[in-house]
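Novice: predicted model and sequence follow; I will ask about them next.
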Amino acid sequence: MTMETTLSPGSTIGFLGAGQLARMTAHAAQRLGYKTLCWSGGGDASPTLQVAGEVIQTDFHCKQSLERMLTECDVITVETENIPADLLAAFTGKGILRPRSQAVRIAGDRRLEREFIASAELAQTDFRIARNDQDILQAFHEIGDCVAKTARDGYDGKGQWRIRSEVDVQLCIQQRGDYELVVEKFIPFELELSILVARSASGEIKVYDPAENIHRHHVLDASIVPARVSSEISDNAKEIAKKLVVELDYIGILAVELFITKEGEVLINELAPRPHNSGHHTIDACVTSQFDIHIRAICNLPLTSTTLYHPVVMVNLISDQWSEDVQGLTHPDYASFENAVWHLYEKQWKPGRRKLGHVNFIEENRDQALEKANQFRAILASQTKLLTSSSN
Ligand code: AMP
């Protein structure tokens, strides 16, 4: 198969990862008539068990599972960037990995990511690569107030240290283990945006309106679309996204996280070579969802419209505030939210901050959607104590 081959319905799409992103992408694939086979890699497969054609539940080192994926899948895609390099190489060797391994590797390693963004001459925070303890101290002396991040395996704020003093440097050194770090200048941003862009195997590009993201304890809490930014900033974000997919020769959906400074600068924070939590509103508020467009892009179908047809606010259901056992869909507190579309992932509640679902609030205008979403978030927040204390 060449990269430009079009895959017809009936073909089999393989997923590396079997979590909620694979679940929602598998829904989209099935709507278009494709078969799906997920390989969990040993992670929690509960979101896909009832959705995918089949889920292989072995870790990513299992040779037989690799053989099956190579034999049975017409195309392979990823729901995470943390995929062993030899696996990416095996699928690349057969020409069936979309997005390409280069993009997955870059997004899975903050060093490569920063270096790639620099080589594409796009704006980002000032950074240093720190290979040893001395490098961390030197980076702090050179750039001042900063955030140190592990080059690999970090997510949702894990593997990150805010460094404002030499005492913070020592703490980071003690805790970093063997990880090499990227040390970035701290950006006192006005707000955080993310933007989704899709590029098909034959090079067609479609970009979505950016989402404004609100985080809680480093985990995405809500996304507001349209974002509360000027059209210049929105257009700038779209141009950055388009340039990235061209530079990467990218196939599929790419998410780009951005910081917007007080001066209106648009700086790239990070890339995700897959559907993204901040794009879940697209299921109910856009003509084509991020999952549908990803399937279209990797199967080399024409890309349908990314137009937003209603303002929307997406609110995550996170396990420190949400438990179906405690609240449930029939809880009277939720009855007044009529223009709300619920998505639950069939994941087991566990203490901590697991993403268990999300709700899209759709209204005629953004302020109304935000008002409803904030009322809903206040109800969720009132559960925090109950859920966090019941886990102790
Ligand atoms: P990341 O895992 O890189 O997306 O970081 C998680 C969150 O930490 C971001 O969404 C920001 O809220 C915050 N953050 C990360 N890097 C920086 C930075 N250089 N300056 C300010 N805040 C940051």
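Specialist: Received the coordinates, thanks.

Novice: hang on, F376 is in a strand, isn't it?
Specialist: No - F376 sits outside any strand when classified using DSSP: H, G, I helix; E, B strand; the rest coil, being helix.

Novice: tally of neighbours for it?
Specialist: The tally of other residues near F376 (other C-beta atoms under 10 Å) stands at 21. (Glycine included, C-beta is placed from N, CA and C.)

Novice: what sits against it?
Specialist: Residues counted as contacts of F376 (C-beta atoms under 8 Å, 6 or more residues apart in numbering) are 315, 334, 337, 340, 359, 361.

Novice: what does F60 give?
Specialist: 16, 39, 41-42, 83-84, 87.

Novice: and of those residues, the nearest to Q290?
Specialist: L16 (17.6 Å; C-beta to C-beta).

Novice: among the contacts of F60, name the buried ones.
Specialist: Neighbour counting with 16 or more other C-beta atoms under 10 Å marks 16, 39, 41, 83, 87 as buried within these.

Novice: which one in these is the model shakiest on?
Specialist: pLDDT across the buried ones among the contacts of F60 is at its lowest for I83, which sits at 93.

Novice: strands along the stretch 151-300 of the chain, start to end?
Specialist: All strands of the stretch 151-300 of the chain, identified by DSSP state E, counting those that start in this stretch, fall at 160-163, 181-185, 191-199, 205-207, 211-216, 219-225, 252-260, 266-272.

Novice: distance to the ligand and secondary structure added to the contacts of F60, as JSON lines?
Specialist: Listed next are these as JSON lines, based on distance: C-beta to the nearest ligand atom, whole Å; DSSP: H, G, I helix; E, B strand; the rest coil:
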{"residue": "L16", "distance to the ligand": "21", "secondary structure": "strand"}
{"residue": "W39", "distance to the ligand": "25", "secondary structure": "strand"}
{"residue": "G41", "distance to the ligand": "21", "secondary structure": "strand"}
{"residue": "G42", "distance to the ligand": "23", "secondary structure": "coil"}
{"residue": "I83", "distance to the ligand": "18", "secondary structure": "coil"}
{"residue": "P84", "distance to the ligand": "21", "secondary structure": "coil"}
{"residue": "L87", "distance to the ligand": "23", "secondary structure": "helix"}
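
Novice: which of these lies closest to S200?
Specialist: After measuring the contacts of F60 against S200 - C-beta to C-beta - the closest member comes out as L16, at 20.2 Å.

Novice: and that closest one, what does it touch?
Specialist: L16 sits in contact with 39, 41, 60, 76-80, 83, 87, where contact means C-beta under 8 Å, 6+ apart.

Novice: quick check on the residue lying closest to it once chain neighbours are set aside: phi, psi?
Specialist: Once flanking residues are discounted, L16 sits nearest to V78: 4.6 Å by C-beta to C-beta, 6 or more residues apart in numbering. Torsion angles at V78 (phi, psi; degrees, to the nearest 10) stand at phi -120, psi 150.

Novice: domain map for this protein?
Specialist: For the chain, automatic domain parsing gives the domain ranges 1-97, 126-185, 312-391.

Novice: on that earlier part again, would you turn the strands of the stretch 151-300 of the chain into a markdown table with distance to the ligand, mean neighbour count and mean pLDDT?
Specialist: Formatted as a markdown table, the entries for the strands of the stretch 151-300 of the chain read as follows, by distance: least, C-beta to the nearest ligand atom, whole Å; neighbours: other C-beta atoms under 10 Å; pLDDT from 0 to 100:
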| stretch | distance to the ligand | mean neighbour count | mean pLDDT |
| --- | --- | --- | --- |
| strand 160-163 | 6 | 18 | 95 |
| strand 181-185 | 4 | 24 | 96 |
| strand 191-199 | 5 | 25 | 98 |
| strand 205-207 | 20 | 19 | 98 |
| strand 211-216 | 5 | 20 | 97 |
| strand 219-225 | 8 | 23 | 97 |
| strand 252-260 | 6 | 25 | 98 |
| strand 266-272 | 5 | 22 | 97 |
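
Novice: which of those strands sits closest to G10?
Specialist: strand 252-260 (20.2 Å).

Novice: starting from the closest one, tell me which strands it pairs with and how they run.
Specialist: Strand pairing for strand 252-260, using DSSP bridges, gives strand 191-199 (antiparallel), strand 266-272 (antiparallel).

Novice: show the pLDDT at the residue lying closest to N82 once chain neighbours are set aside.
Specialist: In space, N82 comes closest to G108 once its chain neighbours are excluded; the distance is 5.7 Å by C-beta to C-beta, 6+ apart. pLDDT, G108: 92.

Novice: can you get me a residue count around G108?
Specialist: Neighbour tally, G108, other C-beta under 10 Å: 22.
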